[in-house]
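S.K.: Generate coordinates for the sequence data below:
(chains A and B)
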Amino acid sequence: MLLGPALAVSAILFCIGVAGVLLRRNAIVIFMCVELMLNAVNLTFIALAQAHGVAGQVFVFFVMTVAAAEAAVGLAIILAIFRHHKSVDLKNINLLRG
Amino acid sequence: MALAIFWFFAGVAIVSALLVVVMRSPIASVFWLINTMLCLAAIFVMLDAQFIGAIQVLVYAGAVMVLFLFVIMLLNLGRADSDFKRVPVWFLVAVLVGVLASQLAPLMGYSRERLAIEYTRSTLLADPAIVFDSTLSPARATLDRGVPGDLAQPLFTQYLVPFELTSVLLLAAIVGAVLLAKRRI
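M.R.: So this is what the prediction gives:
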């Protein structure tokens, strides 16, 4: 059974994704790191589904649907930001800074 | 043998994920992320989720990442000079990620037996073959109903309402994306 190693790999991938979101300033790369975290969670679901039952795979199916919708809307938001600021660097997006 | 193949794909996936974060050019990041997703698809197949592995390649590595590439090319994003945050932030990130990793590290030792013990909260009756209904396992469902059938049966019976709700979600996402991408908002 690959349960333990698969959970470990998904934990490592999730940590890399978190580090990427916190370290980068390019909005598109941050978005890719979010996708990486979603993929890590999918791996957890699949690994546990192998022991627990097929329901975990159904959840991965839903996560993929939500991720596709999120990618479409998020990239549209990034396009709108680019039109306004002429860059996707997050240091320019500071309207809420006090 | 299976473990060696698993660790090969896992290693490639982890190295590619690191390169996604490190690469300066967004295009390079996209290609390394596609590599990570293809390795994850291979791991999914090894974990008895063949159909999920296929749609991982088709939907994620295919459709979603092409969308990313398309937007990067549309915006003409090149190699940025200083895409990373300043060095003081790095230490904070290192501490945060270190705490997260140390919390997640015990997952390495998980097995079916330990899962069964935690599930029943007793060490006496914790035989995974009894605790987890073997007729529900993906391998058994694939034998009974075929590769798409193991996912389709619960999806269209037990999870029919969430499935229909995702169609509403997708419609909302389409409308939102079209509206946001218009010239004047």
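S.K.: and after the helix or strand harbouring residue B:153, which helix or strand comes next?
M.R.: Per DSSP states H and E: residue B:153 is located in helix B:147-156. Per DSSP H and E, helix B:147-156 leads on to helix B:160-180 as the next helix or strand towards the C-terminus.
S.K.: what's the angle from that following helix to helix B:147-156?
M.R.: Counting by axes from the mean of the first three to the mean of the last three Cα atoms, to 10 degrees, helix B:160-180 lies at 90 degrees to helix B:147-156.
S.K.: Against which helices or strands is helix B:160-180 packed?
M.R.: With contacts taken as 3 or more Cβ pairs under 8 Å, 6 or more residues apart in numbering or on different chains; DSSP states H and E, helix B:160-180 sits against helix A:55-85. The C-beta positions use only the backbone N, C-alpha and C, and glycine is treated the same way.
S.K.: Name the residues of the helix it packs on that are buried.
M.R.: For helix A:55-85, the neighbour count (16 or more other Cβ atoms under 10 Å in any protein chain shown) marks A:55-62, A:64-65, A:67-76, A:78-82 as buried.
S.K.: hmm, that helix in reach of chain B?
M.R.: Yes - between helix A:55-85 and chain B, judged by Cβ under 8 Å from any Cβ of the partner chain, the touching residues are A:55, A:57-58, A:60-62, A:64-73, A:75-80, A:82-83.
S.K.: Run through chain A and note the low-pLDDT ranges.
M.R.: For chain A, the stretches with pLDDT under 70 are A:98.
S.K.: outside of the helix or strand bottoming out on mean pLDDT in chain B, which residues touch it?
M.R.: Using mean pLDDT, DSSP states H and E, helix B:128-131 stands out as the lowest-scoring helix or strand of chain B, at a mean of 70. Residues from elsewhere that reach helix B:128-131 (Cβ atoms under 8 Å, 6 or more residues apart in numbering or on different chains): A:51, B:112-113, B:115-116, B:119-120, B:125.
S.K.: Could I get those in CSV, plus columns for secondary structure and distance to residue B:106?
M.R.: Below are the contacts of helix B:128-131 laid out as CSV (DSSP: H, G, I helix; E, B strand; the rest coil; distance: Cβ to Cβ, whole Å):
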residue, secondary structure, distance to residue B:106
A:51, helix, 17
B:112, helix, 16
B:113, helix, 15
B:115, helix, 13
B:116, helix, 17
B:119, helix, 17
B:120, helix, 19
B:125, coil, 23
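S.K.: In the residues you listed, which residue is surrounded by the most others?
M.R.: residue A:51 (22 neighbours; other Cβ atoms under 10 Å in any protein chain shown).
S.K.: you'd agree it is up against residue B:112?
M.R.: Yes - with contact defined as Cβ atoms under 8 Å, residue A:51 counts as touching residue B:112 (5.1 Å).
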